[in-house]
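K.L.:
predicted coordinates and the sequence they were generated for:
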Amino acid sequence: MGLDEIAKGVVVALGPTPAGLADKLGFGEHGFATFAELTDLLVHNDAIVVVAAYPIVVRALATTLSSKETDPAVVAIDEGARFVTVLAGAHHGGEQLARLVAHHLEATPVITTASSVYGTVALDQLPRVHFARIPAKLQAKINHGNGITLLNPTELVLPDAIAGLAREGNDPLKIVISDRICDGNLGDLQSTLPTLTLGVGCSSDATAADIKELIATTLTSAGLDSSAIDRVGTIDRRLEHPALVGLHLELTGFTADQLDAVKTANPSSVVHEAVGTHSVAEAAALLAGGEGASLIIEKVKTDRVTLAVVRRRRLRGSLSVVGLGPGSLDLLTPRALGALRSAQFIVGFSRYLELIEPVIERGQMLRPYPIGQEIERVGESIALASRGNHVALVTSGDPAVYAMAQLVIERLTEDLTLRIIPGVTAAYAASSSVGAIVGHDHAMISLSDLLTPWNAIEARIEAAARADFVIAFYNPRSTQRTWQLEKALAIIAQYRQQSTPVLVAARVERMGASITVTNLAEIDLETIDMETIVIVGATTTAANHGYLYTPRGYQGTS
Ligand code: SAH
């Protein structure tokens, strides 16, 4: 379990809990008066942050912990909020939780697991690489400098994240990468990766149980590990069929023409008569298995189901383009956090990687970039994912708002799974910091004329001003681009009063944030830089009790 999977978390304290901490973590908050209450909280939560003297917490844990595999993540904070210490569940979210809490409280995280002390690979913390059971002595050997040798009997093209585990050293530990159950005996540990792709055909009256049974018996008799199933290929007309949906596996559909174009071991004219392709199971397995996949189990059939199994030559990688939000970690969505945590590689502007540092784990590899070089960042992310790695490409705010999601889609290759994960964009974070200035129709306009000609930008400003949109200006002013904002505001001034409110928000939700409400006449352009967003109100934008807002016009409608 990792930080993103913590279902039920709570901050508990004998005295007051640190202000805002529970909200920032998305946890509940609880006081406790008796020892029994504390033990009760420890039993009923997946993650607990306890503010109390450590001996009290240790005594409570002594009566509640059962095993390293199931312990909750327990983090204790001294009442002075100086140290944040992992007491249990270190590798089940505890370490990340301690680092995150320490970040929020500006305290020191205290993490004492051996692998973190030695700075070595923690076998139970590798994203997307699972071992059934890791004997403690194996991790101890790694911590003390033994090497790691990878054995790869099925000749999978190993993605960088796996190949990178190999290291020099005496008496190396042997890790077997295989989808065959018997191969576990070749080494000290086995990792089963998703290398098996199934092709399934079924009649309309088939059930999920029929398919599951054929899969189970077929894989077992071939000595294959069912946890290695990557996905299921089938004919597109069966994609919605309950028997296939009920497998709860990733499904990929192909048209009869696509399937019929594949050369297969057992073509059937009867099948061709019925559905327009000579093969469903074998052809779909081969197509879904990607380039270089080999058929390892030819078509087997029961009355209602056909099944074939291929082994991928390389893993299917994934690329998540993750919007981090404006900066503070509590505005990172749980989905974005999940995508970060399960990534093997995290690619992005070095400053953004620093922002998310508290949630990055030791097993993850970072690819920091200087400002700019967007094409290179996207290129490296796609290349890594195409080689079977799981990659997160991070952007600030939302990944589609003047960011890189578009470029990724333009350059996408076939052999990876793409996810675009939205984030809170700067305009919305800025707007909510003063109220609701974007409260009615609004336009977002980037003043950067590096990729868009200035006359197009000017035409859009003019149109948005004339139509009375609230206008959020991204990339308002840099050391090189100094005149565009002034020109933009002059265009708006033709349509709006000099007293129209303007929000100038710099480093929103980051260190050194500065939020100023001014107006068209008084705005100080010199203070505005590339970390600032400028939002110009519409003619209806107003203030109430110190909050700025643009009404939707409910007044008088009742
Ligand atoms: N994808 C980002 C925008 C990238 S363009 C998003 O959705 O927010 C970069 C511009 O966004 C900056 O020049 C600035 O105008 C704005 N911006 C991004 N983060 C900001 C923040 N934390 N505070 C103020 N403006 C920000």
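P.N.:
Alright, I've got the coordinates. Numbers count the residues shown, from 1 in each chain.
K.L.:
rest of the way, CA atoms for contacts and neighbours
P.N.:
Fine.
K.L.:
which SSE is immediately downstream of the worst-scoring helix or strand of the chain on mean pLDDT?
P.N.:
Ranking every helix and strand in the chain by mean pLDDT, DSSP states H and E puts helix 114-118 at the bottom, with a mean of 74. Scanning forward in sequence from helix 114-118 by DSSP states H and E, the next helix or strand is helix 136-143.
K.L.:
tell me where the stretch 251-400 of the chain has strands.
P.N.:
251-254, 294-301, 305-311, 317-323, 345-349, 365-369, 390-395 (DSSP state E, counting those that start in this stretch).
K.L.:
measure how the third one sits relative to strand 294-301, angle-wise.
P.N.:
Meaning strand 305-311. Our comparison of strand 305-311 with strand 294-301, counting by axes from the mean of the first three to the mean of the last three Cα atoms, to 10 degrees, yields an angle of 170 degrees.
K.L.:
report all helices and strands that strand 305-311 contacts.
P.N.:
Here strand 305-311 touches strand 196-202, helix 208-221, helix 281-289, strand 294-301, going by 3 or more Cα pairs under 8 Å, 6 or more residues apart in numbering; DSSP states H and E.
K.L.:
name the strands paired with the shortest one and say parallel or antiparallel.
P.N.:
This points to strand 196-202. strand 229-235 (parallel), strand 305-311 (antiparallel) (DSSP bridges).
K.L.:
which parts of this structure belong to which domain?
P.N.:
Structural domains assigned to the chain are 3-112, 123-192, 197-311, 318-424, 427-549, following automatic domain parsing.
K.L.:
want to throw those into TSV with mean neighbour count and mean pLDDT?
P.N.:
Output for these, formatted as TSV (neighbours: other Cα atoms under 10 Å; pLDDT from 0 to 100):
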stretch	mean neighbour count	mean pLDDT
domain 3-112	19	88
domain 123-192	16	91
domain 197-311	19	96
domain 318-424	20	95
domain 427-549	18	97
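K.L.:
pretty sure residue 81 contacts residue 107?
P.N.:
Yes. Residue 81 is within contact range of residue 107, at 6.5 Å (criterion: Cα atoms under 8 Å).
K.L.:
residue numbers of this protein in contact with the ligand?
P.N.:
Taking Cα under 6 Å from any ligand atom, the part of the chain that reaches the ligand is made up of 326-327, 396-399, 401-403, 425-426, 474-476, 505-509, 530-533.
K.L.:
show me the contacts for the closest residue to the ligand within the stretch 151-300 of the chain.
P.N.:
The ligand sits closest to residue 161 of the stretch 151-300 of the chain, with a gap of 27.8 Å, by Cα to the nearest ligand atom. Shown in contact with residue 161 (Cα atoms under 8 Å, 6 or more residues apart in numbering): 344-345, 389.
K.L.:
so how far is the one helix or strand it maps to off the chain centroid?
P.N.:
Assessed by DSSP H and E, residue 161 sits inside helix 160-163. Relative to its parent chain, helix 160-163 has a centroid offset of 19 Å by Cα atoms, centre = their mean, to the nearest Å.
K.L.:
which elements pack onto the next helix or strand after it?
P.N.:
Remark: after helix 160-163, the chain's next helix or strand is strand 173-177, criterion DSSP H and E. Using 3+ Cα pairs under 8 Å, 6+ apart as the contact test, the elements touching strand 173-177 are strand 148-151, strand 189-191.
K.L.:
parallel or antiparallel, list what pairs with strand 173-177.
P.N.:
Strand 173-177 pairs in its sheet with strand 148-151 (parallel), strand 189-191 (parallel), by DSSP bridges.
K.L.:
how far off centre is the longest one?
P.N.:
The chain centroid and the centroid of strand 148-151 are separated by 29 Å under Cα atoms, centre = their mean.
K.L.:
cool, and stretch 231-249?
P.N.:
Averaging C-alpha positions (Cα atoms, centre = their mean) puts stretch 231-249 26 Å from its chain's average.
K.L.:
do stretch 491-507 as well
P.N.:
37 Å.
K.L.:
got a list of what residue 184 touches?
P.N.:
Applying Cα under 8 Å, 6+ apart, the residues near residue 184 are 176, 178, 190.
K.L.:
swap in 7 Å and give it another go.
P.N.:
Residue 184 sits next to 176, 190 when contact means Cα atoms under 7 Å, 6 or more residues apart in numbering.
K.L.:
just residue 233 next, same as before
P.N.:
Contacts of residue 233 (Cα under 7 Å, 6+ apart): 198-200, 251-253, 284-285, 288.
K.L.:
got a markdown table for these, with distance to residue 308 too?
P.N.:
Output for these, formatted as a markdown table (distance: Cα to Cα, whole Å):
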| residue | distance to residue 308 |
| --- | --- |
| 198 | 6 |
| 199 | 5 |
| 200 | 7 |
| 251 | 14 |
| 252 | 14 |
| 253 | 15 |
| 284 | 9 |
| 285 | 6 |
| 288 | 12 |
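K.L.:
those residues: which two are farthest apart?
P.N.:
Within these, 198 and 253 form the most distant pair, 11.9 Å apart (Cα to Cα).
K.L.:
can you give me the helices in the stretch 1-150 of the chain?
P.N.:
21-25, 35-43, 54-64, 95-105, 114-118, 136-143 (DSSP state H, counting those that start in this stretch).
K.L.:
quick check: angle from the third one to helix 35-43?
P.N.:
Using the same axes, to 10 degrees, the interaxial angle of helix 54-64 with respect to helix 35-43 works out to 70 degrees.
K.L.:
before we move on, the earlier item: C-alpha coordinates for the helix holding residue 161, CSV please?
P.N.:
In CSV, the C-alpha atoms belonging to helix 160-163 read as follows (Å, rounded to 0.1, in the frame of the first residue of the first chain):
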residue,chain,number,x,y,z
ASP,A,160,15.3,0.6,-18.2
ALA,A,161,13.6,0.6,-14.8
ILE,A,162,14.1,-3.2,-14.5
ALA,A,163,17.5,-3.5,-16.2
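K.L.:
renumber starting at 26 from here on
P.N.:
Noted, 26 is the first residue going forward, which turns the last one into helix 185-188.
K.L.:
mind telling me which residue of the stretch 126-275 of the chain is nearest the ligand?
P.N.:
residue 129 (17.3 Å).
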